[in-house]
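Visitor: please work out how this folds:
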Amino acid sequence: MAAVSWFINVDRSAVVAALFSAVIIAIAEYGFHIYLASHVLPKNTRVRSYTH
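Guide: Predicted structure coming up:
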């Protein structure tokens, strides 16, 4: 039980900082992938299925 209470009794400011960081990283990742799709990757990026 001692190990479980260590995980549950986390300082709230650390949890808020982690959540805030996760949201910022997620927004940056989304923007980066939009940039890649519009400026770096070729326009025809459909997945092709080759059947013989």
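Visitor: near Val40, how many residues? Count them for me, please.
Guide: Using other CB atoms under 10 Å, Val40 is surrounded by 7 other residues. Backbone N, C-alpha and C define where each C-beta goes, glycine included.
Visitor: now it: how far from Ile34?
Guide: 11 Å (CB to CB, to the nearest Å).
Visitor: mind listing the helices for the chain?
Guide: 2-8, 12-35 (DSSP state H).
Visitor: output these as CSV; include the columns mean pLDDT and mean neighbour count.
Guide: Shown next, in CSV, are those (pLDDT from 0 to 100; neighbours: other CB atoms under 10 Å):
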stretch, mean pLDDT, mean neighbour count
helix 2-8, 54, 7
helix 12-35, 88, 10
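Visitor: quick one, what contacts Val23?
Guide: By CB atoms under 8 Å, 6 or more residues apart in numbering, no residues touch Val23.
Visitor: distance of it from Tyr35?
Guide: Counting by CB to CB, the gap from Val23 to Tyr35 is 19 Å.
Visitor: again with Glu29
Guide: For Glu29 relative to Tyr35 (CB to CB), the value is 11 Å.
Visitor: same check, this time on Leu19
Guide: Distance from Leu19 to Tyr35, by CB to CB: 25 Å.
Visitor: then Ile24?
Guide: 16 Å.
Visitor: now Ile25
Guide: On the measure of CB to CB, Ile25 and Tyr35 end up 15 Å apart.
Visitor: over to Ala17?
Guide: 27 Å.
Visitor: can I get stretch 13-31 as CSV, trimmed to CA atoms?
Guide: Extracted as CSV, the C-alpha positions of stretch 13-31 are listed here (Å, rounded to 0.1, in the frame of the first residue of the first chain):
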residue,chain,number,x,y,z
SER,A,13,1.1,21.7,-9.1
ALA,A,14,3.1,18.8,-10.6
VAL,A,15,0.0,17.3,-12.1
VAL,A,16,-1.2,20.6,-13.5
ALA,A,17,2.3,21.3,-15.0
ALA,A,18,2.3,17.8,-16.6
LEU,A,19,-1.2,18.3,-18.1
PHE,A,20,-0.4,21.8,-19.4
SER,A,21,2.8,20.5,-21.0
ALA,A,22,0.9,17.6,-22.6
VAL,A,23,-1.7,19.9,-24.1
ILE,A,24,1.0,22.3,-25.5
ILE,A,25,2.9,19.3,-27.0
ALA,A,26,-0.3,17.9,-28.5
ILE,A,27,-1.1,21.3,-30.1
ALA,A,28,2.5,21.6,-31.5
GLU,A,29,2.4,18.1,-32.9
TYR,A,30,-0.9,18.8,-34.6
GLY,A,31,0.5,22.0,-36.2
